[in-house]
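Novice: This is a predicted model, with the sequence first.
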Amino acid sequence: MVAAAVAMALGLSGCVGTSAPREWLPSVQDARSEAFGAWTELNIKESEEQKYQVRGELIAVHDDSIFVWGPEGLAAFGRDHVTRVKLTTYRPTHNGMAMWTLLGSLSTISHGVGLAISFPVWVIGGSVATASVSGEPDETCPESVIKQSGHPCWEKLSKFARFPQGLPPTLDRTRLEGKTLSDVAR
Amino acid sequence: MKTKREFTCGRASRLLAATVILAVLVPWGCAKRQVRQVAAPEKSSGLVPSTRSPYLKAHMNKGNVYVLQDWQIDQISRSVTGAGQLLDLNRRLIASDTFHFAFDSVALFETNQVSVSPAVAALSVITGLSIGGTILCIANPKSCFGSCPTFYVTDGHGPLLQAEGFSASIAPFLEATDIDALFRAAPRGRQVNITMTNEAYETHVVRRADLLIAKRSPAGRVLVDRDGRFWRVGPFVEPSSCLAPEGDCTEQVEHFDGRERFSLSDSTDLAAKETLELTFENPPDGDLGLAIACRQSLLSTYLFYQTLAYLGNQIGPAMATLQRGDPQMRQQIGSIGKALGGIDVLLEDSAGSWSTVATIHETGPLATDIRVVPLPRAGGDSLRVKLALNRGHWRLDCLALVELAGPAQVDTVTPSLVRSHDRLDSAALALLLDPDQYLVTFPGDEYELIYDLPGEAAEYELFLQSRGYYLEWIRNEWVAEENLPRAAQMLLDPAQALRALAPEYKAVEGELEAMFWNSRYANPQE
């Protein structure tokens, strides 16, 4: 049982699927005062032959475009070419939940044969709760609406851009810099 | 100086306490979530500072951003005041100060509220229930363990606990054969599947698990009496009245339906008796029997575990002495059970005096078994029967009069297949078929026993004949209660022990049943 609980906790602690460098993401407390954009993962399909993924900081969302600071600097992508979008807005907080689930599962050893009920309840309930918490930093648009230009889903995503109001009209794009790990330290 | 046992128990308790405390405290430092709110200046009236959202970000038209604390939005003067930082396009610091600026240059305001994740509430509920279970089990560990081999058979809707095997056989020398009526079994076809489980901290040693089958008529049933004789019986006649100390109990006992009549034990003497009086108007003319469907309450289970607890670390030597065949001790181990007694069936004769006809003993609190007590001919327009039984010791599901149509022919059917973990288990089958071998099971084990009948299952009355014994696993919590004088009292002076234990049992009696069923794999009462 201990082995099962530990294996489950380890599995849960690693269950989040974000490609963001852990240090890059702010904690949920720091995200209140940080002014950078969210970590963004875009799947782009320009044609059947040209499909690729983009990762980086969300700079702005316009009616027809999405701006991301990626490895090659600022890049704009047509929204009608986006097949999947996922933002990670802060560092997931599910490790505590996984530990909670582990300790709770182990504590069922005190339930005698009742652990036959309470252990699965902890495993299932804890897994669902941990999965739920691990997904809370994520913002996304369902594939069914991603092509709809006026859909409020895009407006929701734009809140997590560095410039939620859109790119400033006076912005000199050559002066723009992406968020770096030194920004995190600062 | 602490003994090894005290040290072990203390360490276990501290570990458990630490686990519980950690389980409670861990979530409060984590599992937070953020809710972001963005509003244009003209729609910013709803933005107010709070402890959960102390920061205001003012995104300016030119791309700069103010990150302010102690902020205030003035809708009348259309301005913002706050202390904090002004950051440039690349979020580098331009200035730290107290700022005051007008709405005109603001594109959007942003606040972020951090709160505890809703999932924490869900897991808190589980934690609360789990801690409750832990506390209950620590307070009364004897309620969280125990049973004996349990047998599940479909009642036509799903698996139903219908039998518990050799409940009184707690040591090798007490190995016994037990016959349980599978009265509510309703398998289809020519095959019967019985699931045998080990649901407790026990080692079950099963020598045999056979099916006894008897042809039955469409309107009748077959019942077994206390001497192991099988009777063909007619339709059940429910009592015209059932009077118990608390009042009318007819509704609880007229059908075999899971509704039970039971009472609470006496607060000063666990051996106190009570009497129920049954009246059957216009009984059938032939030979009659009283069908009794019942099971024990948890009183006997509690007393059994209490005896083990009082024996503490001496349980091993005591059991070894018993096993070696000390006749005096063997006699004494059943003394508590004898003091509690069975269900005495008394019949009123024509002179109006009552005499005991038989005594029913059905061991086990899990599965309700049904037996028939043949009654001597009494005659008359009504038949009056009394049941004398220990208070708080019996749960009566059905009390009905039946006409005895004669002895029934019974055949034995051995399992033809055994399945475990969804695979055929020929080794287990071989053990169950060999009278010199045992199938040994451990907590969590489950075997599906498959029997081939000579005809359709609906044509037969089914009984389970099991033989074996089981060994209780002694828990640290029990050993902590070691008290040899009280153990001796349990064995040598059970009447006094039942008086002495009455207050302790009464303190937990109300919750014992719920705790016991909640602590098990399955609840057959559902």
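Specialist: Received the coordinates, thanks.
Novice: neighbours around the closest residue to chain B within chain A, how many?
Specialist: Using CB to the nearest CB, the closest approach of chain A to chain B is made by A:G96 at 2.9 Å. In this view, the C-beta of every residue, glycine as well, is placed from N, C-alpha and C. Look at A:G96: counted by other CB atoms under 10 Å in any protein chain shown, it has 21 neighbours.
Novice: same deal with B:S267?
Specialist: Around B:S267 there are 14 residues (other CB under 10 Å).
Novice: quick one: the residue of chain A closest to chain B and B:A31 touch, right?
Specialist: Yes - the pair A:G96 / B:A31 is scored as a contact, 5.5 Å apart, by CB atoms under 8 Å.
Novice: Mind checking the pLDDT average for the helix or strand hosting the residue of chain A closest to chain B?
Specialist: Per DSSP states H and E: A:G96 is located in helix A:94-107. For helix A:94-107, the per-residue pLDDT values average out at 81.
Novice: what's downstream of that helix, the next helix or strand?
Specialist: helix A:115-135.
Novice: mind listing what B:S382 touches?
Specialist: B:S240, B:T279, B:F280, B:E281, B:N282, B:P283 (CB atoms under 8 Å, 6 or more residues apart in numbering or on different chains).
Novice: Give me the buried entries from those residues.
Specialist: Neighbour counting by 16 or more other CB atoms under 10 Å in any protein chain shown classes B:S240, B:T279, B:F280, B:P283 among the contacts of B:S382 as buried.
Novice: rewinding a little: helices or strands up against the helix holding A:G96?
Specialist: Judged by 3 or more CB pairs under 8 Å, 6 or more residues apart in numbering or on different chains; DSSP states H and E, helix A:94-107 is in contact with helix A:2-13, helix A:115-135, helix B:4-25, helix B:118-139.
Novice: Find the centremost residue of chain A, please.
Specialist: A:T88 (2.3 Å; CA atoms, centre = their mean).
Novice: Is that one bridged to anything, and to what?
Specialist: Applying DSSP bridges to A:T88 yields these beta-bridge partners: A:W39, A:D138.
Novice: That one against A:G135, yeah?
Specialist: No - when contacts are counted by CB under 8 Å, A:T88 is not listed as touching A:G135 (10.0 Å).
Novice: picking that back up, could you tell me which of the contacts of B:S382 belong to strands?
Specialist: B:T279, B:F280, B:E281 (DSSP state E).
Novice: and the residue nearest to the centre of chain A, how far is that from A:P137?
Specialist: Per CB to CB, to the nearest Å, A:T88 is found 5 Å from A:P137.
Novice: same check, this time on B:E482
Specialist: 54 Å.
Novice: out of these two, which sits in the busier spot?
Specialist: A:P137 (25 against 16).
Novice: Is the more buried one in contact with A:W39, as I believe?
Specialist: No - checked against CB under 8 Å, the pair A:P137 and A:W39 is beyond contact range at 9.1 Å.
Novice: Next, see if stretch A:130-137 gets close to chain B.
Specialist: Yes - applying CB under 8 Å from any CB of the partner chain, one finds stretch A:130-137 in contact with chain B at A:T130, A:S132, A:V133, A:E136, A:P137.
Novice: neighbours of the nearest residue to the third one once chain neighbours are set aside, just the number please.
Specialist: The reference is to A:V133. Among residues not flanking A:V133 along the chain, A:H94 sits closest, at 4.4 Å (CB to CB, 6 or more residues apart in numbering or on different chains). Close neighbours of A:H94, defined as other CB under 10 Å, add up to 28.
Novice: And for residue 176, the neighbour number?
Specialist: All of this refers to chain A. A:L176, neighbours per other CB under 10 Å, totals 18.
Novice: think we crossed wires, I meant chain B
Specialist: Look at B:A176: counted by other CB under 10 Å, it has 14 neighbours.
Novice: List the beta-bridge partners for it.
Specialist: Applying DSSP bridges, one finds that B:A176 bridges with B:G468.
Novice: Next up, the contacts around it.
Specialist: B:A176 neighbours (CB under 8 Å, 6+ apart): B:F166, B:A168, B:S169, B:R467, B:Y469.
Novice: Quick check: can you name the pairing partners of the lengthiest strand in chain A and their directions?
Specialist: Ranked by residue count under DSSP E, the longest strand found in chain A is strand A:51-61. If you go by DSSP bridges, strand A:51-61 pairs up with strand A:39-45 (antiparallel), strand A:65-70 (antiparallel).
Novice: Now tabulate those in JSON lines and tack on mean neighbour count, mean pLDDT and distance to A:T101.
Specialist: Output for these, formatted as JSON lines (neighbours: other CB atoms under 10 Å in any protein chain shown; pLDDT from 0 to 100; distance: least, CB to CB, whole Å):
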{"stretch": "strand A:39-45", "mean neighbour count": "21", "mean pLDDT": "92", "distance to A:T101": "26"}
{"stretch": "strand A:65-70", "mean neighbour count": "22", "mean pLDDT": "92", "distance to A:T101": "35"}
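Novice: do you know which of those strands lies nearest B:E456?
Specialist: Among the strands paired with strand A:51-61, strand A:39-45 comes nearest to B:E456, with 61.1 Å by CB to CB.
Novice: chain center to the closest one: distance?
Specialist: Chain-centre distance of strand A:39-45: 12 Å, with CA atoms, centre = their mean, to the nearest Å.
Novice: quick one, what contacts B:P503?
Specialist: Going by CB under 8 Å, 6+ apart, B:P503 touches B:S267.
Novice: and it, which of the three is it?
Specialist: helix (DSSP: H, G, I helix; E, B strand; the rest coil).
Novice: One more: the one 3 residues further on?
Specialist: For B:K506, the secondary-structure state derived from three-state DSSP is helix.
Novice: tell me, how many neighbours does it end up with?
Specialist: 16.
Novice: what number of residues lie near residue 37?
Specialist: The chain I'm using is chain A. 26.
Novice: Sorry, I should have been clearer: chain B.
Specialist: Residues lying near B:Q37 (other CB under 10 Å) number 14.
Novice: Got phi/psi on it?
Specialist: phi -120, psi 130 (degrees, to the nearest 10).
Novice: Appreciated, that's everything.
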